[in-house]
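>>> structure for this input, please:
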Amino acid sequence: MIASRPHWSEGLLLTHHHLQQQDRYHEGRVDAIVGALHPIPWGLAAITIDEAALARGELVISSLRAILPDGTPIAWDGPGPGAAPSRALSGPGIDGVARLGVHLALAEIAIDEPNLDDDEGGALRRFRARTQPATELTGRGPPATLEVLDPSPALLLGDEARSGQRSLRIAELVRRPDGAFAVADDHLPPALTIAAAPALERPLRRLFAAAARRRRHLLEGCARSEDRVEYRAAELDRHLMIHALGRLLPALRGLLEGPPASPRAAHTILAALVGELTSFSGDLDPATLPVYDHLDLRAAFAPLFREADRLLGIAVEREVLSVTLRHSGDGRFSAGRLDPAIGAATPVFLEISGDAELGRGEGLAELLKIAAGRRIDALVRSNSRGASARLLRRPPPTLAAQVRTWSGPKAGLTASSSGGERGRRRSPSASITQTRRSPGRARMKVSWEAKGPA
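The predicted structure follows:
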């Protein structure tokens, strides 16, 4: 409820009650406006913890910027007015604890009790009084000494009572093997900015790099015409993946390199990315993705990062690995050392270029012997078949981006993975030979349809 505006009708006869009521009125009004415009206007904005002091067994917050849940801004940069006193990291409730939470606390305004810290070590009070010089801004009056009030925040550790306090969890400490404390690098505080939560910023940067890398790999497999990327009907899933990543990558970059962004904005963008990528997986309903929880960022973000990593690794259809076969003489073409991913690929397609007679009839498949390089000589000597193959008159949709034309003298062969050759594809080389030499042969190219990510 907003405090009432003070009213006085006796000229300049003012009391401190009038001024305090004026403060309450303006603070309540600003709080109501900001709360309506920004549903979550509080949290940690920046923090620096003195790690050398931690090693000595003392908690010192060198600098901090935060807004408490009641709208009170707290900030300091080094020792001075408004800074929370340091705390010793020993004593009841601390000794023997492996993980220790740290809260920034400020006493609530009391109605019937003093709100000014009396420096006698009693209950926490909201304000601390001090004096400071003040000048008259127009320069026409003499300077004066004013008594001012600063917030009197405190650091509460572990399970220390926080009743009657407005508090904010700002850090967690973990005990090292030597017994000293260190800052927990996996802690996610209720933060106003991503920079105030390194445990959120790090996975966001890793995800951005992985998504950018994935999109580049997908584009490498697309056909190009001058400055345009061509998409075929059979490559709809590839196009959708590229589109989803291309739309969201600038937003992710803006979070990390643009003006300070909030974790809530990061959650919205990350949930949108995961939601779009679920179209490639039938085992996740985007309606079940976690909503943003300012008090528990880990529960809000961990499932999204896990699913984003998994979905980015899903292979889209029509991804292929291509290997050029080089003519090694005596009618043989060899691939040399192969990509290890080929071991899991199926099926295998051969693109053969040559004279018009090469592709006539179904006998072409019978003329080829396909085998691991170390076995090709034995197959030729024994006139054995090797891996089976059949002739394709038109290219499969899988190769639409890799094979620009499939007409005239070109013919296609697909080599199945059945038979004795399947278990021997671990060989570091592969060779193809033809028992009857054709004078018009120009080149041979083999493409494996990969099931893993590009």
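>>> for the stretch 1-150 of the chain, which segments count as helices?
Per DSSP state H, counting those that start in this stretch, the stretch 1-150 of the chain carries helices over the ranges 16-37, 51-55.
>>> mean neighbour count and distance to residue 245 added to those helices, as a markdown table?
Bear in mind the C-beta positions are built from the backbone N, C-alpha and C, glycine included. Shown next, in a markdown table, are the helices of the stretch 1-150 of the chain (neighbours: other CB atoms under 10 Å; distance: least, CB to CB, whole Å):
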| stretch | mean neighbour count | distance to residue 245 |
| --- | --- | --- |
| helix 16-37 | 13 | 33 |
| helix 51-55 | 14 | 38 |
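>>> which of those has the lowest mean pLDDT?
Comparing mean pLDDT across these, the weakest is helix 16-37, with a mean of 89.
>>> which one of the helices of the stretch 1-150 of the chain lies closest to residue 258?
When these are ranked by distance to residue 258, counting by CB to CB, first place goes to helix 16-37 at 20.6 Å.
>>> quickly find the element holding the residue positioned nearest the centre of the chain.
Compute the mean C-alpha point of the chain, and by CA atoms, centre = their mean the closest residue is residue 204, 2.7 Å away. Applying DSSP states H and E as the criterion places residue 204 in helix 198-220.
>>> same for that helix, what does it pack against?
In terms of contacts (3 or more CB pairs under 8 Å, 6 or more residues apart in numbering; DSSP states H and E), helix 198-220 is packed against helix 236-257, helix 263-277, helix 297-312.
>>> of those, flag the one that's most buried.
helix 263-277 (a mean of 20; mean count of other CB atoms under 10 Å).
>>> CA atoms only for it, dumped as PDB, please.
Output of helix 263-277 as PDB, limited to C-alpha atoms (Å, rounded to 0.1, in the frame of the first residue of the first chain):
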ATOM      1  CA  PRO A 263      18.400 -13.800 -16.900                       C
ATOM      2  CA  ARG A 264      14.700 -13.600 -17.600                       C
ATOM      3  CA  ALA A 265      15.500 -12.400 -21.200                       C
ATOM      4  CA  ALA A 266      18.000 -15.200 -21.500                       C
ATOM      5  CA  HIS A 267      15.400 -17.700 -20.400                       C
ATOM      6  CA  THR A 268      12.900 -16.500 -23.000                       C
ATOM      7  CA  ILE A 269      15.400 -16.800 -25.900                       C
ATOM      8  CA  LEU A 270      16.700 -20.100 -24.700                       C
ATOM      9  CA  ALA A 271      13.200 -21.600 -24.300                       C
ATOM     10  CA  ALA A 272      12.400 -20.300 -27.800                       C
ATOM     11  CA  LEU A 273      15.500 -22.100 -29.200                       C
ATOM     12  CA  VAL A 274      14.700 -25.300 -27.500                       C
ATOM     13  CA  GLY A 275      11.000 -25.100 -28.500                       C
ATOM     14  CA  GLU A 276      11.900 -24.700 -32.200                       C
ATOM     15  CA  LEU A 277      14.400 -27.500 -32.100                       C
END
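>>> want to throw the helices of the stretch 1-150 of the chain into JSON lines with distance to residue 140?
JSON lines is the format used below for the helices of the stretch 1-150 of the chain (distance: least, CB to CB, whole Å):
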{"stretch": "helix 16-37", "distance to residue 140": "24"}
{"stretch": "helix 51-55", "distance to residue 140": "47"}
